[in-house]
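Student: Provided below are the primary sequence and the corresponding predicted coordinates.
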Amino acid sequence: MKKYNRIFLMASLLVLVVLLSACGTGDVDASSTGIWSRYIIYYFGEAIQALSFGSVGVGIILFTIIIRIILMPLMHFQTKSMRKTQELQPKIKALQQKYASKDQETQAKLQAETKKLYAEHNVNPYAGCLPLLVQMPVMIALYQSILRVPALRQGQFMWLDLSSPDPYFILPILAAIFTFASTYLSSMSQLESNPSTKIMTFFMPVMIFVMGMNLASGLSLYWVVSNAFQTVQTLLINNPFKIRQERAEEARRIRERERALQKAKNPKKKRKKR
């Protein structure tokens, strides 16, 4: 059931991306129609221009930072939920061993006990998908605003024509590096190595790099700023080095308590004085 739920969530995200990407290709202005074009794309473009201060690139950078700040509470919630889920993995594995039989009744008990365990610890295993579902439309809206709002399509920033790919591949490379850094740092806090996470850690940067080579550099600029922000945010809020240190310290305390209990159960006999 859990596998099918994940597939459903990813399929929903894919449908969302396709639908939003297909919502028109013409120019957007105050006379445009449709909720997506008139009220999302148009006002994204207006917001970027208002923040530009003479440079569209500056507007994209400031707009991206503002969006990331707005999303911070949601990302913090995601981080806490993921960490709680990771901490429950040993108990979930114990349940899976207890209800190892593949018959329908046993699997129903496993699902019920797993759901109960999540509820007792106030954990939603699917909370990690929520920030992605929020961020993806923002990325698409920003990309389309750059391509479809004439004032942004002609924007220049440093060596870049923001409506065209970066000719020197500097932004795609930086976007890939920060994507890898943010994903790798997040995976470091996991209790156990996850094959799918490892694949995504290396696949996502490659995908971002390839897309950055072919898409508008304005979107690459967004990815660079957004993923750099997320990398710093991870180090500040969910620092994997600090988490590993805390877990090592907790493991040391547990070992010391076990040794103390063992000594209390088996005290050494005092030698008799001669």
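Tutor: Great, that's in hand.

Student: average pLDDT across the top helix by length along the chain?
Tutor: Identified as the longest helix of the chain according to DSSP state H is helix 56-87. Averaged across helix 56-87, pLDDT comes to 81.

Student: report all helices and strands that that helix contacts.
Tutor: Applying 3 or more Cβ pairs under 8 Å, 6 or more residues apart in numbering; DSSP states H and E, we find helix 56-87 packed against helix 42-50, helix 129-148, strand 156-157, helix 217-237. Quick note: C-beta positions are derived from backbone N, CA and C, even for glycine.

Student: give the buried residues for it.
Tutor: Buried residues in helix 56-87, counted by 16 or more other Cβ atoms under 10 Å: 56-57, 59-64, 67-68, 71, 75, 78-79, 81-86.

Student: what do you get for stretch 237-247?
Tutor: 238, 240, 243.

Student: re earlier: C-terminal to the longest helix of the chain, what's the next element?
Tutor: Helices and strands here follow DSSP states H and E; after helix 56-87, the next one along the chain is helix 89-98.

Student: quick one: distance of the next helix or strand after that next one to the chain centre.
Tutor: Using DSSP H and E, the helix or strand that follows helix 89-98 in sequence is helix 104-120. Relative to the chain's own centre, helix 104-120 is displaced by 27 Å; criterion: Cα atoms, centre = their mean, to the nearest Å.

Student: how far away is residue 264 from residue 258?
Tutor: From residue 264 over to residue 258 the distance is 11 Å, taken as Cβ to Cβ, to the nearest Å.

Student: err, residue 26, not the other one
Tutor: From residue 26 over to residue 258 (counting by Cβ to Cβ), the distance is 69 Å.

Student: over to residue 58?
Tutor: Taking Cβ to Cβ as the criterion, residue 58 is separated from residue 258 by 58 Å.

Student: next: residue 233.
Tutor: To residue 258, residue 233 is 37 Å away according to Cβ to Cβ.

Student: swap in residue 164?
Tutor: Computed as Cβ to Cβ, the residue 164 to residue 258 distance reads 63 Å.

Student: please apply the same query to residue 109.
Tutor: Counting by Cβ to Cβ - residue 109 and residue 258 are separated by 31 Å.

Student: which one of these two is surrounded by more residues?
Tutor: The neighbour comparison of residue 109 against residue 258 (other Cβ atoms under 10 Å) goes to residue 109, with 15 against 10.

Student: hmm, that one is touching residue 99, no?
Tutor: Yes: the pair residue 109 / residue 99 is scored as a contact, 5.4 Å apart, by Cβ atoms under 8 Å.
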